[in-house]
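> Fold the following, please.
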Amino acid sequence: MVPQPGHVRIENLTKVYHTRQRRGLFRAEETEVVALKDLSLEIHPGEIFGLLGPNGAGKTTLIKCLTTLLLPTSGNAWINGYHLTEQDNDIRASVGCMLMGERGLYWKLTGRENLIFFGALYHLSPTDRRRRADAIIEQLGLQDLADRTVETYSSGQKMKFAFAKALINDAPLLILDEPTNTLDLPSARELRAVVRELNQAGKTVIYTTHSMSEAETMCDRVAIIDRGQVLALGTVAELKASLGRDQVIRIEGVISPQASQAVKRLPGVIQATLAAVNGRNQLTVVAQDGHLLLPRLIETLIAHRAVVQKIAPEETTLEDVFIARTGRTLAEDTRIK
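Modelled structure (predicted):
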């Protein structure tokens, strides 16, 4: 296939892990965990494509497969026109990747030395690797940190240099796995601004997050992923519109699981999801013609001894789309324990 910078095509990608769990002193039981299940999607050159889902949804497994860190169990993918398993060296040379966490740097080297070292791994000339390192340090405003050893950095500062490392080879495709994790609000805002600038300069960006607001503000299109499968795919506006006439009502107060189940059984209710938010129970109800259902909804809660402190219809969000598809919130951790 002819190289296509910034283009990604995934066809029926599956990743299955086999783990052994001890049962007693001498017996172990093998279990199968399906991290990705026949996942297919296409990412177009020049877009910011969001992978949205809770922890354990399969986002990081997908990223590790696309960057050749993991071999898929089955399926195919082409990254920048290169086949995932047949042209893995070409993929690694043409992708900039930031994985979640801060273990991708050498702590005894300075930030600048790390960038120069990784530039050498991409076969940049000594002059080019120093030039790229200096330019990235200036672009990200890291001059005060660049010549200190990484072991002296805070978690947020390490994340900034992990992001800087992803830029060193000036790749047409950037893959960013939870890039604002551990960053404070101003630093996260600055990083998102740089990502937008890079995208406007022509780079394709794959951006994984479990933050609804980040996906809404950053991404041209979003794939909502859960349990290794794509549940919904489209622009933010398209995904919100997919709920049609459905409305979202959020209720805060003292609400029991029994009251939540009673609400879920009401005619017209699509989903009713109970979660703890800021020390209070919050019931999110997705329903057809929610304004007409409201009196019946309140009656049902009171009949089940709920104490309603706040109730209000709200604008549809990406999390509401996720709740409507799964009956769970994005805050839930779906990792296999």
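> only C-alpha atoms for contact and neighbour calcs from this point on.
Fine.
> Identify the bridge partners of the residue nearest to Val269 when sequence neighbours are not counted.
Leaving aside its chain neighbours, Val269 sits nearest to Ala287 (4.3 Å; criterion: Cα to Cα, 6 or more residues apart in numbering). Ala287 forms beta bridges with Gln247, Val269, as assigned by DSSP bridges.
> show me the contacts for Arg192.
Counting by Cα atoms under 8 Å, 6 or more residues apart in numbering, Arg192 touches Met218.
> Extract the C-alpha trace of the helix or strand it falls within and format it as PDB.
Using DSSP states H and E, Arg192 sits in helix 185-200. The C-alpha coordinates for helix 185-200 follow below in PDB (Å, rounded to 0.1, in the frame of the first residue of the first chain):
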ATOM      1  CA  LEU A 185      -5.400  22.700  35.000                       C
ATOM      2  CA  PRO A 186      -3.200  25.500  33.500                       C
ATOM      3  CA  SER A 187      -0.700  22.900  32.200                       C
ATOM      4  CA  ALA A 188      -3.500  20.700  30.800                       C
ATOM      5  CA  ARG A 189      -4.900  23.800  29.000                       C
ATOM      6  CA  GLU A 190      -1.500  24.700  27.600                       C
ATOM      7  CA  LEU A 191      -0.900  21.100  26.300                       C
ATOM      8  CA  ARG A 192      -4.300  21.000  24.600                       C
ATOM      9  CA  ALA A 193      -3.500  24.300  22.900                       C
ATOM     10  CA  VAL A 194      -0.200  22.900  21.600                       C
ATOM     11  CA  VAL A 195      -2.100  19.800  20.300                       C
ATOM     12  CA  ARG A 196      -4.500  22.100  18.400                       C
ATOM     13  CA  GLU A 197      -1.600  24.000  16.900                       C
ATOM     14  CA  LEU A 198       0.000  20.800  15.700                       C
ATOM     15  CA  ASN A 199      -3.300  19.600  14.200                       C
ATOM     16  CA  GLN A 200      -3.700  23.000  12.400                       C
END
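> what comes up buried for it?
Buried positions in helix 185-200, judged by neighbour count with 16 or more other Cα atoms under 10 Å: Ala188, Leu191, Arg192, Val195, Arg196, Leu198, Asn199.
> likewise stretch 204-221?
When burial is assessed from 16+ other Cα under 10 Å, stretch 204-221 yields the following buried residues: 204-212, 214-216, 218-221.
> same question, stretch 58-78
By 16+ other Cα under 10 Å, the buried positions in stretch 58-78 come out as 58-68, 72, 75-78.
> Domain-wise, how is the protein divided?
Using automatic domain parsing, the domain parsing of the chain gives 8-239, 244-315.
> now for these, which one comes closest to Phe322?
domain 8-239 (7.1 Å; Cα to Cα).
> ends of the closest one, how far apart?
For domain 8-239, the separation between the terminal residues is 21 Å (Cα to Cα, to the nearest Å).
> Run the chain-centre distance for it.
Relative to the chain's own centre, domain 8-239 is displaced by 10 Å; criterion: Cα atoms, centre = their mean, to the nearest Å.
> picking that back up, and the average pLDDT for the helix holding Arg192 is what?
For helix 185-200, mean pLDDT is 94.
> Can you classify the closest residue to Arg23 other than its chain neighbours by secondary structure?
Excluding the flanking residues, the one nearest Arg23 by Cα to Cα, 6+ apart is Glu29, at 6.5 Å. Three-state call for Glu29 (DSSP: H, G, I helix; E, B strand; the rest coil): strand.
> Spit out the contact partners of Glu29.
Arg20, Gln21, Arg22, Arg23.
> just those residues now: which is nearest Asp128?
Lowest distance from Asp128 to those (Cα to Cα) belongs to Arg20, with 47.1 Å.
> looking at this, that closest one is in a helix?
No - Arg20 sits outside any helix when classified using three-state DSSP, being strand.
> mind checking how far the residue nearest to it when sequence neighbours are not counted is from Asn181?
Setting aside the residues directly before and after it, Arg20 is nearest to Glu30 in space (Cα to Cα, 6+ apart), at 4.3 Å. As judged by Cα to Cα, Glu30 and Asn181 stand 33 Å apart.
> Look at Ala77 and give its secondary structure.
Of the three states, Ala77 takes strand according to three-state DSSP.
> about what we covered before: among the buried residues of stretch 204-221, which are in strands?
Per DSSP state E, strands hold the following members of these: Thr204, Val205, Ile206, Tyr207, Thr208, Thr209, Arg221.
> what about this protein, any weak spots by pLDDT?
Applying pLDDT under 70 to the chain flags the ranges 1-2, 24-27, 101-102, 244-246, 314, 327, 331-337.
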